[in-house]
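Participant: Generate a structure from the sequence data that follows.
(chains A, B, C and D)
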Number of protein chains: 2
Amino acid sequence: MSPSNSTPKAPGVRARIRAELTAAIKASARRQLATEGASSLSLRAIARELDMASSAIYRYFASRDELLTALIIDAYDAVADAVEAADAAAVDQDDLVARFCNAATALRAWAFEHPHEYALIFGSPIPGYEAPQDTIDPAGRVPFVIISLVVMARGGEHDTSPPADPALVSALSGLDGFTGSLLPTPLLSEVVSAWAQLFGMISLELFGHFKNSVADDGVYYGHAVRDMANRLLTSPAEAAT
Amino acid sequence: MSPSNSTPKAPGVRARIRAELTAAIKASARRQLATEGASSLSLRAIARELDMASSAIYRYFASRDELLTALIIDAYDAVADAVEAADAAAVDQDDLVARFCNAATALRAWAFEHPHEYALIFGSPIPGYEAPQDTIDPAGRVPFVIISLVVMARGGEHDTSPPADPALVSALSGLDGFTGSLLPTPLLSEVVSAWAQLFGMISLELFGHFKNSVADDGVYYGHAVRDMANRLLTSPAEAAT
DNA sequence: TGAAAAGCAAGAGCACTGCTCACTTTTCTT
DNA sequence: AAGAAAAGTGAGCAGTGCTCTTGCTTTTCA
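Facilitator: Below you'll find the predicted structure:
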């Protein structure tokens, strides 16, 4: 064996087991998350489960917050994967209403399958924890799916509405990057409201605020989503015909 | 001084200083809440601030969770007081749209003035903490204001809509106690959606999910609330005239 | 091939937490 | 005034995140 033969995989061997252990730590953390919740996630408990010293964890994550950040990013990506997959799974890709309903239903389903991870990303922020820049990209994927569907349905629509309140235009100007200014401001505002409503319905139900008022069987959610899809994706002109 | 002279206010003196200390503990907890957040609320820190042994706290609250419950109930009542006051402050009590906007604006204002207390009641629930029965009554006060305004505006309305999906009727049957069945099911569903949207808009903004997309000046919120009020409080029949 | 460098794990230790318990002190009641 | 009840104390248990030193293994390079 030439020395060059032992180094072709040089970048790998050690880095690979490091990646494996990193994944094992996150897996254990997620397991603990599902039973104990985020705020009582214990590095020592993870170390116990993996049969290693608690201090060894710090070779992989500099702090508890850093572990949480990694879990948060994973969660954002996981929910976005689920939503995008549901959107793409629509039998007729031209049926935007169906695609919207699929995506919204997948969002709720993922939330109920992973309540603690949902709470991690959509619940109250961890105190003293500032979301690092790495999270904002994956965080935008789900809203992007929604806004894209609306753009597809009504992007080139002739804007017949009276000029919008300039203050509102500027308040929503941060979304221009998303839409490329393809949506008139009032419609853009409706999209934001729809996103807020989706998030609100799921969170209220998941966090127990619908106890004794709305049944948790998804029937209400399904109706609300269908209404929302029709309202958002159908232009007034179309509806009038 | 006769011994009877030191006891005439017998029913009060001890109970009063107990109530005072209880309030002082909650005040200190709230102060700590605002700087550290709920999950790192420390009984020992409270005891330090009040110059007493940490174990003494347990004479007033049996556990950390019990203290949190007390703070949660207080927060529910505080936000409900704010919303009800704003509703009642409308110059014209017959202008239901104005009352609705007042209430919704007060809700957002309270949330931004007391972000940690808002997170306490509307954020992700404390893990392993089951909301006791005492909280559900004050928790219903804000939704009750909203639903009441809708009932006032459209309570006796003649229901011309086609019969609603029985599954939806049953999913929302838990709200009958609130409304006395005064609202047709589709409208009731819209009210729930409106509440979810209000909650969603405030939470998304407060928890930082609107960063880089929606300006945090309340302009968007104000527009959305006005739209919502008109949609909810104006009957289609009225709008047609 | 052998020595220097870098990565890794361990264990002791610090300062903190919620909570319990036996004990003393204070206050109210009889 | 005596006894009972309530309030306050401090030590202690089991747990936490995190740091630092001490060795060991793997990789790198001359």
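Participant: Now do the SS call for whatever residue of chain A ends up closest to DNA strand C.
Facilitator: Nearest residue of chain A to DNA strand C: A:S55, at 2.8 Å (Cβ to the nearest atom of the strand). Quick note: C-beta positions are derived from backbone N, CA and C, even for glycine. Here A:S55 is helix, with the state taken from DSSP: H, G, I helix; E, B strand; the rest coil.
Participant: And for the one 3 residues further on?
Facilitator: Secondary structure assignment for A:Y58 (three-state DSSP): helix.
Participant: and it, how far is that from A:V192?
Facilitator: To A:V192, A:Y58 is 41 Å away according to Cβ to Cβ, to the nearest Å.
Participant: Specify the local secondary structure of A:I25.
Facilitator: helix.
Participant: picking that back up, pLDDT at the residue of chain A closest to DNA strand C, what is it?
Facilitator: With respect to pLDDT, A:S55 has a value of 96.
Participant: before we move on, the earlier item: tell me which of A:Y58 and A:V192 has more neighbours.
Facilitator: A:V192 (26 against 15; other Cβ atoms under 10 Å in any protein chain shown).
Participant: For the more buried one, what is the enclosing helix or strand?
Facilitator: Here A:V192 sits within helix A:185-206, counting by DSSP states H and E.
Participant: C-terminal to that helix, what's the next element?
Facilitator: Toward the C-terminus, helix A:185-206 is succeeded by helix A:219-233 as the next helix or strand (DSSP H and E).
Participant: Just the angle for that next one relative to helix B:185-206, thanks.
Facilitator: 80 degrees (axes from the mean of the first three to the mean of the last three Cα atoms, to 10 degrees).
Participant: So which residue is dead centre in chain A?
Facilitator: Nearest residue to the geometric centre of chain A (Cα atoms, centre = their mean): A:Y76, 4.2 Å.
Participant: where's it, which helix or strand?
Facilitator: Per DSSP H and E: helix A:64-88 holds A:Y76.
Participant: who does that helix touch, helix- and strand-wise?
Facilitator: helix A:13-36, helix A:96-113, helix A:115-122, helix A:136-139, helix A:141-154 (3 or more Cβ pairs under 8 Å, 6 or more residues apart in numbering or on different chains; DSSP states H and E).
Participant: Looking at these, spot the one closest to B:D216.
Facilitator: Ranking these by their distance to B:D216 (criterion: Cβ to Cβ) puts helix A:136-139 first, at 15.4 Å.
Participant: which residues sit against the closest one?
Facilitator: For helix A:136-139, contacts defined as Cβ atoms under 8 Å, 6 or more residues apart in numbering or on different chains pick out A:I73, A:Y76, A:D77, A:A80, A:I121, B:H209, B:K211, B:N212.
Participant: Just the C-alphas of it, formatted as PDB.
Facilitator: Taking Å, rounded to 0.1, in the frame of the first residue of the first chain, the C-alpha atoms of helix A:136-139 are listed here in PDB:
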ATOM      1  CA  ILE A 136     -34.200  32.700   8.200                       C
ATOM      2  CA  ASP A 137     -33.700  30.900   4.900                       C
ATOM      3  CA  PRO A 138     -35.300  27.600   5.800                       C
ATOM      4  CA  ALA A 139     -37.900  29.500   7.800                       C
END
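Participant: Report the angle between the helix holding A:Y76 and helix A:141-154.
Facilitator: 30 degrees.
Participant: quick one: helix A:64-88 near DNA strand D?
Facilitator: Yes - using Cβ under 7 Å from any atom of the strand, helix A:64-88 reaches DNA strand D at A:R64, A:D65.
Participant: buried set for that helix?
Facilitator: Using 16 or more other Cβ atoms under 10 Å in any protein chain shown as the test for burial, helix A:64-88 gives A:64, A:67-76, A:78-80, A:82-84, A:86-87.
Participant: ok now do A:A224, which residues does it touch?
Facilitator: By Cβ under 8 Å, 6+ apart, the contact set of A:A224 is A:Q197, A:M201, B:S189, B:V192, B:S193, B:A196.
Participant: quick one: pLDDT of the fifth one?
Facilitator: Looking at B:S193, its pLDDT stands at 98.
Participant: just the last one next, same as before
Facilitator: Predicted confidence (pLDDT) at B:A196: the value is 98.
Participant: what's around the nearest residue to it once chain neighbours are set aside, how many residues?
Facilitator: Leaving aside its chain neighbours, B:A196 sits nearest to A:G200 (3.4 Å; criterion: Cβ to Cβ, 6 or more residues apart in numbering or on different chains). By other Cβ under 10 Å, 26 other residues sit near A:G200.
Participant: Next: the one 3 residues further on.
Facilitator: Under the neighbour criterion other Cβ under 10 Å, A:S203 is assigned a count of 24.
Participant: DNA strand D versus that one, what's the distance?
Facilitator: 26 Å (Cβ to the nearest atom of the strand, to the nearest Å).
Participant: I'd say that residue and B:F199 touch.
Facilitator: Yes - with contact defined as Cβ atoms under 8 Å, A:S203 reaches B:F199; the gap is 7.2 Å.
Participant: Between those two, which contacts overlap?
Facilitator: Shared contacts of A:S203 and B:F199, counting by Cβ under 8 Å, 6+ apart, come down to A:H209.
Participant: Perfect, I'm done here.
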